[in-house]
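> Mind folding the following:
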Amino acid sequence: MSTTALATLEQARTLLAAMDWTPSVDLALRLTHAAELAISEDGSARRAVLVKDVLAWAQLQFKRRGGQLVEGNVLAVQRVKTEWELGKRLERDAEDGRRHHRGREETVKVNRVDFYQYADIGMTRQAAARYRRLAEMDWADIDAVLQAELQKGEDGHEITTQMALSLLGPPELEPIEGEGKAAVMALDAIDLLKSIRPASIDLLLTDPPYSTDVPDIVAFAEEWVPLALKTVRPTGRAYICTGAYPEEIAAYLDALGRQDALILEQVLVWTYRETMGPQPRDRYVLNWQAIFYLRGPEAPRLNCPLMIEQWAVHDLPSRPASEGHVHTWQKPMELAERFIRHSTEEGMSVLDPFAGTGTFLAAAVALGRNGLGAETDAHMLERCAERGLEIVRAS
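Okay, here's the model as predicted:
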C-alpha cells in the first residue's frame, strides 16, 4: 500500500520543525490537503492516529509562532475530521472483533473496547471512546458547525473536538435491570456544563466549592449557576448545597434570582451536631449548611411519603461511621438519597458537576438512577472509582 502522502506529511512536519516560517492560511490549507491524502490512501486506524497527531502538532506550532486564530482553525477542522474518521475505523474494527467471537462457547466480553490493544496504535482507551462517540454523528452536521465558527474569522472561538461533541450532549446513560450507572468526566465543571443539551437533565444535585475555597464567590456563582440550571428539564428539580456564610448565601440568592429556568422555591437546611473546635467569642458556632431548592415550572409533586423527610430542616450526622470520611464537606448518603427519591424515578438522570468523592452519583446508582458528573482532583477521582463510578478521561 502506498505511503506517499504520509511521507509527504511527515516531511512537512520535519521541515516546519527545522526552518523559520510564518503561519498562513495557505500553508494550513496545504497541510490539510496532505492530511486528506494520507487518510485516503490507508484505511487503518493506525494511519488515522498518525495523521491526527501531525495535525495537532502543526496546530500547536502555528499558535507558538503567533499564528492567527483562523489559521489554527483551518487545521483544527481537518484534525476533528480525522478524529471522526478514526472513530469510524475503531468501530469497524470492534464490530469485526465481535463477529469473530460470536458463537464461541467460552465467555467472551463483547464490549466495544475489548478487541483493540489501543497502546499498540498510540492512544488510550479513553481517547478511543471519545472518537467513537464523535463518529456517532454525520460528518455533515459536525462540519456545518465548525465551518460556521471558521467563517467568524478572528471574532470566533478556537475550534475543538469538544465543540463537535457538544452536539451530542452528555453520554446516554440508560438503566440496566433496575440499576443505574454513572460516569465522572475528568474535566472542569464548566466544560461539562457547556457540553450538555439544554433541558435534558431530571435532577441537578451538587455541592460546589464554598466561599472559603474560591477567591470570588460572586463571580464563581454567576459563572456556573446559569449554565447548570439550563440543563434541567421543565419537569425537573435542583438542590444546590452551599456554606452558611452570609456572603455566600447572598451570592447564590443573587445568581439564582437572575435566572428564569427554574423557580427558587426554598432555602433548606442541613444541620449536624458533630461540630468541634474552640468556642467563638462574638458569633455562634455554625452547625448547618444551606441547600437552595429549585423546581421546574412543570415539576410534579414531591414524592415524600414520610412527613419527617419533608421538613425544611434535615437533621443528619455529617460523618456516619458506615460511610467513612474522605472530604471535609462530604455529605451523608442518606441526605443525597432523600433528595433523589423525592425528585426522580428509576432511570432518570442526576447531574453533579462538582462530583468530589462521588457521594451524590453513588446514591443515584444505588437508587437505579443514571448519574453524570465532573471532577479534576486526582484523589477525588480515585475515590469515585473505588465507589464503582466510571471515570472518563478526555484525550
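
> ok, and what's touching stretch 266-278?
239, 241, 249, 285-293, 312-319, 331, 335 (CB atoms under 8 Å, 6 or more residues apart in numbering). No exception for glycine: its C-beta is placed from N, CA and C like everyone else's.

> For it, buried residues please.
267, 268, 270, 272 (16 or more other CB atoms under 10 Å).

> The second one should be in a strand, yeah?
Yes. Under the criterion used here (DSSP: H, G, I helix; E, B strand; the rest coil), residue 268 sits inside a strand.

> So among the buried residues of stretch 266-278, where is pLDDT lowest?
Here the lowest pLDDT out of these sits on residue 272, with 89.

> Give me the spatial nearest neighbour of that one, chain neighbours excluded.
residue 318 (3.9 Å; CB to CB, 6 or more residues apart in numbering).

> Does the one you found touch residue 332 like I think?
Yes. Taking contacts as CB atoms under 8 Å, residue 318 lies within contact range of residue 332: 6.5 Å.

> Please enumerate the helices of the stretch 151-300 of the chain.
Chain-ordered helices for the stretch 151-300 of the chain, with DSSP state H, counting those that start in this stretch as the definition, fall at 161-165, 189-195, 217-230, 246-258.

> could I get these as a markdown table with distance to residue 24?
Below are the helices of the stretch 151-300 of the chain laid out as a markdown table (distance: least, CB to CB, whole Å):
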| stretch | distance to residue 24 |
| --- | --- |
| helix 161-165 | 23 |
| helix 189-195 | 31 |
| helix 217-230 | 36 |
| helix 246-258 | 44 |
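
> of all the ones you listed, which lies closest to residue 203?
Closest to residue 203 of the helices of the stretch 151-300 of the chain is helix 217-230 (CB to CB; 11.4 Å).

> Next, the buried residues of the closest one.
Those would be 217, 218, 220, 221, 222, 224, 225, 226, 227, 228, 229, 230, for helix 217-230 by 16+ other CB under 10 Å.

> Just the CA trace of that helix, in CSV.
Extracted C-alpha coordinates of helix 217-230, given in CSV (Å, rounded to 0.1, in the frame of the first residue of the first chain):
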residue,chain,number,x,y,z
ILE,A,217,-17.8,33.6,45.4
VAL,A,218,-19.9,36.1,43.5
ALA,A,219,-18.1,35.6,40.2
PHE,A,220,-18.0,31.9,40.7
ALA,A,221,-21.7,31.6,41.3
GLU,A,222,-22.5,33.8,38.3
GLU,A,223,-20.4,31.7,36.1
TRP,A,224,-21.7,28.2,36.8
VAL,A,225,-25.3,28.5,38.1
PRO,A,226,-26.9,29.7,34.8
LEU,A,227,-25.2,27.0,32.8
ALA,A,228,-26.2,24.3,35.2
LEU,A,229,-29.9,25.3,35.6
LYS,A,230,-30.3,25.5,31.8
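
> between that helix and helix 246-258, how many degrees?
Between helix 217-230 and helix 246-258, the angle comes out at 40 degrees (axes from the mean of the first three to the mean of the last three CA atoms, to 10 degrees).

> quick one, domains of the chain?
Domain segmentation of the chain under automatic domain parsing yields 4-164, 169-393.

> Among those, show the one with the smallest mean pLDDT.
domain 4-164 (a mean of 78).

> Now for the spatially closest residue to residue 9 that is not a sequence neighbour, how many residues are close by?
Setting aside the residues directly before and after it, residue 9 is nearest to residue 34 in space (CB to CB, 6+ apart), at 4.5 Å. Other residues near residue 34 number 23, with proximity taken as other CB atoms under 10 Å.

> Go ahead and confirm residue 34 touches residue 10.
No. Under the criterion of CB under 8 Å, residue 34 is not in contact with residue 10, lying 9.5 Å apart.

> if I look at those two, which residues touch both of them?
Joint contacts of residue 34 and residue 10 (CB under 8 Å, 6+ apart) do not exist.

> contacting residues for residue 365?
Contacts of residue 365 by CB under 8 Å, 6+ apart are 179, 180, 181, 182, 371, 388, 389.

> Relative to residue 246, how far out is residue 252?
11 Å (CB to CB, to the nearest Å).

> just the strands in the stretch 201-350 of the chain please.
Ranges of strands in the stretch 201-350 of the chain, per DSSP state E, counting those that start in this stretch, are 201-206, 232-242, 263-271, 288-295, 313-315, 349-352.

> Pick the most buried one from those.
Highest mean neighbour count among the strands of the stretch 201-350 of the chain (mean count of other CB atoms under 10 Å): strand 349-352, with a mean of 28.

> which outside residues touch that strand?
With CB under 8 Å, 6+ apart as the test, strand 349-352 has contacts from 170, 173, 182, 196, 200-207, 228, 231-232, 340, 344, 360-361, 364, 369-374.

> before we move on, what about stretch 239-248?
Stretch 239-248 is contacted from outside by 203-208, 210-212, 217, 225, 249, 252, 256, 268, 270, 286, 288-294, 331, 339, 343, using CB under 8 Å, 6+ apart.

> Return the member of the buried residues of helix 217-230 nearest to residue 73.
For these, the nearest to residue 73 is residue 227 (23.9 Å; CB to CB).

> In space, what's closest to that closest one - neighbours in sequence excluded?
Using CB to CB, 6+ apart, the closest residue to residue 227 is residue 193 (4.0 Å).

> burial measure for that neighbour, as a count.
Neighbour count for residue 193, taken as other CB under 10 Å: 22.

> so how far is residue 185 from it?
11 Å.

> repeat for residue 85
The gap separating residue 85 from residue 185 is 24 Å, by CB to CB.
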